[in-house]
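A.B. asks: Pasted the sequence and its predicted model underneath.
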Number of protein chains: 2
Amino acid sequence: MDIEQALSALNNPIRRQILEWLKDRSNFPPALPEHEDLDGVCVGYIQEKAGLSQSTISNYMGLLKKAGFVLSERHGQWTFYRRDEAGIQSFCTAFEQELLRK
Amino acid sequence: MDIEQALSALNNPIRRQILEWLKDRSNFPPALPEHEDLDGVCVGYIQEKAGLSQSTISNYMGLLKKAGFVLSERHGQWTFYRRDEAGIQSFCTAFEQELLRK
DNA sequence: CCTGTATATCGGTATATTTCGATATATGGA
DNA sequence: TCCATATATCGAAATATACCGATATACAGG
């Protein structure tokens, strides 16, 4: 739980937007039939929605992952990203702990 | 309450450290006798503790103020900064609101 | 008004971040 | 094994941030 790394990851409006989008799978196109039972959204969908290049989004997802905000799972050629609610929660707790007066 | 500006202000370990130090006046040298009834800490004390240049600290305090984390009060040649607990609280609330699922 | 002290602002350099296109890697299928 | 697709990584250019020293401003006391 590196608060510095976490804040850097959040200090970008598009990365924060991605975390918001991931709250609800219906922000993205429907999953392919063979992926319907999987949690998470593939990089391509996120890229399309964000309107940035593939490499940028791949990099962003890596930052969010290292910061503990998303989990990833590889299935075939696809990587599916989803929110890490426990990681987000624990960051929030630690962050408030630091910021708020006691 | 600009969350972008607030996160930028917090995205620096020394600025966060300053907010922590300001939780407790005793982190700094005692106030001059004529300032004893005043709340807050003057820029010089903060600078000395942080070990950065005067201009950097003055700039930092300006960023923290614009972000709503500190209040300032001028008395004579001194500017006294103190935490804006309400501002900090309201940032925390808004931030969690955005970050946490629902 | 002149001087000294505290703080703010300016202008610059070094470093970090954003973002891209090109390329590398992984995988599934013909 | 060869090709197409999805994602990751690399290298570079543009922009932002971290700092500094120099200078400006604000004020207090003689």
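C.D. replies: Noted; the coordinates are in hand. Source: prediction; values computed, not measured. Numbers count the residues shown, from 1 in each chain, chains lettered A, B, ... in the order given.
A.B. asks: from here on, contacts and neighbour counts on C-alpha atoms
C.D. replies: Noted.
A.B. asks: A:Thr93 - how many residues pack around it?
C.D. replies: As a burial measure, the neighbour count of A:Thr93 was computed by other C-alpha atoms under 10 Å in any protein chain shown and equals 13.
A.B. asks: Any part of the helix or strand it falls within near chain B?
C.D. replies: Counting by DSSP states H and E, the element that carries A:Thr93 is helix A:85-99. Yes: contact between helix A:85-99 and chain B, assessed by C-alpha under 8 Å from any C-alpha of the partner chain, occurs at A:85, A:88-89, A:92, A:96, A:98-99.
A.B. asks: Can you tell me the centre-most residue of chain A?
C.D. replies: Computing the C-alpha centroid of chain A and ranking residues by C-alpha atoms, centre = their mean puts A:Val70 first, at 4.2 Å.
A.B. asks: Dig out what that residue forms beta bridges with.
C.D. replies: A:Arg83 (DSSP bridges).
A.B. asks: Return the distance of it relative to chain B.
C.D. replies: The span separating A:Val70 from chain B equals 12 Å under the rule C-alpha to the nearest C-alpha, to the nearest Å.
A.B. asks: pLDDT at that residue, what is it?
C.D. replies: In this prediction, A:Val70 carries a pLDDT score of 98.
A.B. asks: ok now do it, which residues does it touch?
C.D. replies: Contacts for A:Val70 were tallied using C-alpha atoms under 8 Å, 6 or more residues apart in numbering or on different chains; they are A:61, A:64, A:81-85, A:87.
A.B. asks: Please repeat the previous calculation with a cut-off of 7 Å.
C.D. replies: Neighbouring residues of A:Val70 by C-alpha atoms under 7 Å, 6 or more residues apart in numbering or on different chains: A:64, A:81-84.
A.B. asks: And A:Asp84, by the same measure?
C.D. replies: Contacts of A:Asp84 (C-alpha under 7 Å, 6+ apart): A:68-71.
A.B. asks: which of the residues you listed come close to DNA strand D?
C.D. replies: Filtering the contacts of A:Asp84 for proximity to DNA strand D by C-alpha under 7 Å from any atom of the strand leaves nothing.
A.B. asks: quick check, nearest of those to chain B?
C.D. replies: Chain B has its nearest neighbour among the contacts of A:Asp84 in A:Phe69, at 9.8 Å by C-alpha to the nearest C-alpha.
A.B. asks: Thought A:Gly87 was touching the closest one, still the case?
C.D. replies: Yes: here A:Phe69 lies in contact with A:Gly87, judged by C-alpha atoms under 7 Å, at a distance of 5.7 Å.
A.B. asks: So between the two, which is more surrounded?
C.D. replies: A:Phe69 (24 against 17).
A.B. asks: Closest to B:Ile14 out of the contacts of A:Asp84?
C.D. replies: The shortest distance between B:Ile14 and any of the contacts of A:Asp84, using C-alpha to C-alpha, involves A:Gly68 and amounts to 22.8 Å.
A.B. asks: you'd agree that closest one is in a strand?
C.D. replies: No: using DSSP: H, G, I helix; E, B strand; the rest coil, the assignment for A:Gly68 is coil, not a strand.
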